[in-house]
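S.K.: model the structure of this input:
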Amino acid sequence: MNILRTAIPPLLLVALCVGPGCAKKPTETAAVPQGPTEHEQFVQARKDEVVQSLAVCESGSWGPHSTRISGGRGSYHGRFQYTARTYITLQQRRDGTVLTPKEAIEAAQDYEKAAALTSWVMFDQGETWHWPLCNRKLGLAAKVREINAL
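M.R.: Residues are numbered from 1 along each chain as shown. The predicted structure is shown next:
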């Protein structure tokens, strides 16, 4: 009789949980959107347009192109006309990377790398004054303020 008393409560619990109410339910998780939102894509497209217009202005209408560009008797490099020293300084401020002058010149000639740095300088730091002529000609400061307000 003692055996029945100790065995009955666990058997009752098992019997109660055999029905559909005791089935393990899957854990619900919130849906996380994949990739940038439509608004983020719109803002990024506007930033890319401004950066590309600056490249066209600074490079004498070349824009994003694979041909190497140097100006100022070889002092300025790439579509955004960076000096090696300026590129080194801005890159170090951006992420701590220390470049040699040769690496800085190569990076300035690479449109994607230089455009990413330029976008950071203009939109994250608010510094459009690095390109004085094209800043005035294109109204960069106003465009940056407008896009950053989106």
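S.K.: for the protein, name the helix or strand with the lowest mean pLDDT.
M.R.: helix 2-16 (a mean of 55; mean pLDDT, DSSP states H and E).
S.K.: quick one: buried residues of the helix or strand that that helix is followed by?
M.R.: Next along the chain after helix 2-16, taking DSSP states H and E as the criterion, comes helix 38-58. Buried residues in helix 38-58, counted by 16 or more other Cβ atoms under 10 Å: 43, 47, 50, 51, 53, 54, 55, 56, 57, 58. Backbone N, C-alpha and C define where each C-beta goes, glycine included.
S.K.: do you know how far the closest residue to the first one other than its chain neighbours is from residue 109?
M.R.: To tie it back to what came earlier, the one meant is residue 43. The shortest distance from residue 43 to any non-neighbouring residue, by Cβ to Cβ, 6 or more residues apart in numbering, is to residue 150 (5.1 Å). Relative to residue 109, residue 150 is positioned 31 Å away (Cβ to Cβ, to the nearest Å).
S.K.: more neighbours, the two?
M.R.: A direct count of neighbours by other Cβ atoms under 10 Å for residue 150 and residue 109 places residue 109 higher, at 18 against 10.
S.K.: can you pull the contacts of the nearest residue to that one once chain neighbours are set aside?
M.R.: Among residues not flanking residue 109 along the chain, residue 78 sits closest, at 4.7 Å (Cβ to Cβ, 6+ apart). Going by Cβ atoms under 8 Å, 6 or more residues apart in numbering, residue 78 touches 59, 68, 69, 108, 109, 110, 111, 114.
S.K.: show me how to select, in ChimeraX, the buried members of those residues.
M.R.: Buried subset of the contacts of residue 78, written as a ChimeraX selection, criterion 16+ other Cβ under 10 Å:
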select :59,69,108,109,111,114
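S.K.: pull the most distant pair out of the contacts of residue 78.
M.R.: 59 and 110 (13.6 Å; Cβ to Cβ).
S.K.: residue 120 against residue 94, yeah?
M.R.: Yes - between residue 120 and residue 94 there is a contact at 5.4 Å, judged by Cβ atoms under 8 Å.
S.K.: alright, calling it a day.
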